[in-house]
Each structure stands twice: as C-alpha cells, then as structure tokens.
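Can you look at this prediction? I've put the sequence above it.
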Amino acid sequence: MPTRRTTETRAGRNGVTDPSDHKTRRNGHAGRDVHLALGPRSYDILVRRGLLAHAGPEIAGRVVGGDARGRLAVVISNPKVDQSYGATVTRSLEDAGFRVRALAVPAGEVHKTLATVRRLYGSLHAEAADRRTIVVALGGGVIGDVAGYVAATYARGLDFVQIPTTLLAQVDSSVGGKVGVNFDSGKNLIGAFHQPRLVLIDPDTLYTLPRRELRSGLAEVIKYGIIYDKAFFQMLSREAAALVRLSSEHLEDAISRSCEIKARVVEQDERDEGLRAILNFGHTVGHALEAITRYRIYRHGEAIAIGMVSACLIGEEAGLTEGADTAAVIQAFRNAGFPQLGLDGRLPIEDILRLLSWDKKAVDGAARFVLLERIGRATPGHPVAEAAIRRALERQRGLSAP
C-alpha cells in the first residue's frame, strides 16, 4: 500500500532541427536550462545544482501563476528517496504556500503496475484531490511513470511536475510526456501522453546513487550521442569513466544536452508517430530482456546497453550499419564499465524473438527496428528478417567480456 505522510510526521539529433541557441539559456552553472515548445503544453526543464530547495517557488511561479495558497500538492516518491529528499521538497512547497501530502510506493519496476495506480487513486480520493491538485513525482523513472499516469487519468487529468533524482530519469523518462505502467510481459503497454508542467533537475541528487545506477543512466546519455550527435558521443566515450564517478566537468552539460536532444525530437513528434521512435534505439531487444527476466536481473540502462549492441549487430546483418560504428558503440559502453554487453546464453533466443513481436513498435506482429546509419544518425521503422535478427543475436552471444 502507498504510505501517507505529512511534514508533521516526517523527519528530517538526425534530420532534426536543433534550434538550441534560442531554446536554451545558461543558468550560471555548467548546465543549460531547456525549453520544450509544444504550444499550450510547453514547459521548461531546469538543470541547476541545489534546485530541490527551490522547488516550491519554481512550481508556484511557473505552474500556478504565483498563488499557491492552500493548493494541494501530492508528492509521490519511494521510501528511500523520500528519506533523502522528501523533507527538502516538502518544506520548499509549504513555504511557497502549498498544502502538501506525500505518498510513498515501494521501489522497483515490479511495482510499476495497475495495482499501484489503483492504490494511489484511493489515496488521492481520501485526500479530496481535485482538478487544482498538483502531482509532484520525486524519484526515478518508475516513480515518474506511475505518478504521471495517475496525474493523466485521475479527475480527467491533473497538472504534474517531474523532479527526477536518478541520471536515467533526468535524461530520459522525465522529459517528453510518456507515462504509464507495465502489463503482463509488456513494458509500458498501458499509458498516456501527459506532459509535465515543469521538470526540475538537481544534479546533486546523483551523489547518493550507487555506481550501478549511475552507469545505467549513462547508457541513455550515450544513446543520445549515438542517434543524434557524433561529437557528443565522442566526448561521452572519452569521459565515460569519469561521468560514472561524477568527477567529469561535463556532467551538467551531458544532462542538459541529453534533455535538449530529446526536447527537439519531441517537439517534432510529440505522440511518437514517426521521428520520435529514434529515441527507442536499443529498446526493442532491451525491453525484451527486461520482460524475459521479469525486471529482476538488469537495471533498465543495462538492458538498453545490451539492446543497443543488438541493434548495431542487427543493422550490420541488414546491411545498414558499419562494423566500425558497432565497435565504437561497444567501446563506449566498455569505457563506462558495463559488465555485460553479450547476450546471456541462458536466455533462449526463441523467447526473445517471441517478445519482439509484442513490442509497441511492431506492425502486424513483426518487430520494427531503429537502426544506425552512422554514429549521429539513426532511423526508425526498419523491418528485418527473422533470420537476420537470429544471426545477430547469435553473434552477440559470443561477445567477450571487457
């Protein structure tokens, strides 16, 4: 069950236009704030150290027009994140005039379900949430997806704000408005497009993350370079080890540039009807690996890193991807210290192929792949013969460890 608390009971690129010059602005730190332009659904993505302590004024000023007095803000988090950052965010919201209630749900992908959503509906109802209520997602990608789906569907839609606390969520799931939950063996099969009103990214939250979680998030950062920006990719490959250690001077710029690339793509294809599919590079096989292992073996970024190598090898078999580019992708992930890029021999290829037909990008039961033409350019919608997919996966089985 979600738990409820109040502050009184708590302690403590690619054919894509990139008009970044006028849509980003320096904020006095190494990173950039990013504006995602979607007409009435436009919003800002703020990247600033120490931002959590200013969440209340930013939300009050940018979301509710400055008058937050008595307005209910429901902060959805998991217990560990709540313990680390809940008091800071709650205090800032209350100081800005919000009436705050916090709900905690268990951590982990296994809880990204309709059952969790239903329990949250019950808690919102008990708090007399109405159309003026703001949902604040404080945590990683699971929290953002679940809280966003609750916001999209309760009372026909509530405003919500993303405050992602993991690198993966900061550069991926918190931007773009895809929210939802898993169903049976399908990842994100039940969901909606519901844009946040604001995204607040505080890089200081990364210092409490385990190294494995940081590496998992870096997989998505590297993805943006692979599919969109070769120079960015090359920098990331050089800096990978330092980024995982949070010792690179490029950390905030890596976060901002990742958000910027995603924003430019989403602006041109908000509802994932074409171009936006490039953001799913590596996700076709990656999601299958997560599902076949019941989300208990791989972190999301680990599965996607393996899936990106799969996509490169499938691209080679399809005659599109150069082997040198595959090698560069593999090297970047090795530089980041990914322990596994080969395909586990214990996972039957037949099971993986079956799950590919369930992927959301499949057409008439046949998977469609995002494939790499060259570093910095990926294209979506490629049908690939099953025999070619099988050859690629068999090759990946033999990929040696670093």
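Okay, I see it.

what separates the residue nearest to Arg131 when sequence neighbours are not counted from Arg69, distance-wise?
Spatially, and ignoring its direct neighbours in sequence, Arg131 is nearest to Ala155 (5.4 Å; Cβ to Cβ, 6 or more residues apart in numbering). In this view, the C-beta of every residue, glycine as well, is placed from N, C-alpha and C. Computed as Cβ to Cβ, to the nearest Å, the Ala155 to Arg69 distance reads 21 Å.

Between the two, point out the one with more neighbours.
In this view Ala155 and Arg69 are compared by other Cβ atoms under 10 Å, and Ala155 has more residues nearby, 14 against 11.

pLDDT value on that one, please?
On the pLDDT scale, Ala155 is placed at 96.

Contact partners for it?
By Cβ atoms under 8 Å, 6 or more residues apart in numbering, the contact list for Ala155 reads 129-131, 133.

do that again at 7 Å, thanks
Counting by Cβ atoms under 7 Å, 6 or more residues apart in numbering, Ala155 touches 129-131.

Now for His125, how many residues are close by?
Neighbours of His125 (other Cβ under 10 Å): 11.

swap in the one 3 residues further on?
For Ala128, the count of nearby residues is 9 (other Cβ under 10 Å).

Return the distance of the closest residue to it other than its chain neighbours relative to Arg131.
Leaving aside its chain neighbours, Ala128 sits nearest to Leu72 (7.8 Å; criterion: Cβ to Cβ, 6+ apart). According to Cβ to Cβ, Leu72 and Arg131 sit 11 Å apart.

Looking at those two, which has the bigger crowd around it?
Leu72 (19 against 10).

Go ahead and confirm the more buried one touches Arg99.
Yes. With contact defined as Cβ atoms under 7 Å, Leu72 counts as touching Arg99 (5.2 Å).

before we move on, what SS does Val135 have?
Following DSSP: H, G, I helix; E, B strand; the rest coil, Val135 is assigned to strand.

Tell me the helices and strands packed up against the host helix or strand of Leu313.
Here Leu313 sits within helix 300-317, counting by DSSP states H and E. Packing partners of helix 300-317 (3 or more Cβ pairs under 7 Å, 6 or more residues apart in numbering; DSSP states H and E): helix 211-228, helix 283-292, helix 323-335, strand 368-374, helix 386-397.

could you redo these as CSV and give each row mean pLDDT, mean neighbour count and distance to Leu243?
Formatted as CSV, those follow (pLDDT from 0 to 100; neighbours: other Cβ atoms under 10 Å; distance: least, Cβ to Cβ, whole Å):
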stretch, mean pLDDT, mean neighbour count, distance to Leu243
helix 211-228, 97, 25, 6
helix 283-292, 92, 24, 20
helix 323-335, 98, 18, 10
strand 368-374, 96, 21, 22
helix 386-397, 96, 16, 25
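
Export the ones you listed as JSON lines, with columns for distance to Val309.
Compiled in JSON lines, these are given as follows (distance: least, Cβ to Cβ, whole Å):
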{"stretch": "helix 211-228", "distance to Val309": "11"}
{"stretch": "helix 283-292", "distance to Val309": "9"}
{"stretch": "helix 323-335", "distance to Val309": "6"}
{"stretch": "strand 368-374", "distance to Val309": "11"}
{"stretch": "helix 386-397", "distance to Val309": "6"}
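
do you know how far Ile330 is from Gly225?
14 Å.

Over to Leu279?
13 Å.

Same question for Ile306.
Using Cβ to Cβ, one gets 18 Å for the distance from Ile306 to Gly225.
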